[in-house]
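>>> Just need the structure, nothing else, for what follows:
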Amino acid sequence: MPPTEPNTVEDTQLGLTDEEINLLRFHQAQAGSSSSRAASRASSQGRLLLDGASLAALSRHLDRLMHQIQQRIEYLSEQSSVVTMQQYDHAGNLVDNADAEIARFQGIMAQIDELELDFDRVAHIRDIVRDYRQRVENLERELESSSSSRREHHHSHRHSHSHSHRHEGGSSSRRNRA
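Numbering: from 1, shown residues only. Below is the predicted model of the structure:
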């Protein structure tokens, strides 16, 4: 088994279907190629990198992909309307072409169905990525807060010891006011 990085999660543990896992891996590799080698490496190992920047890049990539799919669905819906109107307008004169137009319409509808399915899969993946991104950002804030409060406590603790030999006079009260 290849070594894994501690800030990753197996993509098979995300509650995705096999098709969604394949989509996640494909799009994580695409998003990772522009963001980091670590994300790309995690993707090739079937893992999702739990890093704020990588999750943000993946989330942006998935948002763009969903927008593209939505545009394609709208275009194909318009085309299906055009086909329907053409079919209606020319029904009496184009009986010979009716089967071809119906087949074209069915093909467009099948493409719409597939795109809507892809859209739902990508939306599901995006929601999971956003959830992990939020968790990671919260953990990073907690660690940052914890780290800075530890430094402040350590600094004030050291500061009070360094002045313990001074008499309690004007300098002490000035220090407390600062």
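>>> mind listing what's buried in stretch 54-64?
Ser54, Leu55, Ala56, Ala57, Leu58, Ser59, His61, Leu62 (16 or more other CB atoms under 10 Å). (C-beta placed from N, C-alpha, C; glycine too.)
>>> One more: stretch 38-46?
Neighbour-count burial for stretch 38-46, counted by 16+ other CB under 10 Å, picks out Ala38, Ala39, Ser40, Arg41, Ala42, Ser43, Gln45, Gly46.
>>> Leu48 looks like it's in a strand, true?
Yes: counting by DSSP: H, G, I helix; E, B strand; the rest coil, Leu48 is part of a strand.
>>> doesn't Thr12 make contact with it?
No: using CB atoms under 8 Å, Leu48 is not in contact with Thr12; the gap is 10.1 Å.
>>> show me where pLDDT drops low in this structure?
1-6, 32-36, 90-96, 153-178 (pLDDT under 70).
>>> the longest helix in it is where?
For the chain, the helix with the greatest residue count under DSSP state H is helix 95-162.
>>> For it, name the packing helices and strands.
helix 18-35, helix 52-89 (3 or more CB pairs under 8 Å, 6 or more residues apart in numbering; DSSP states H and E).
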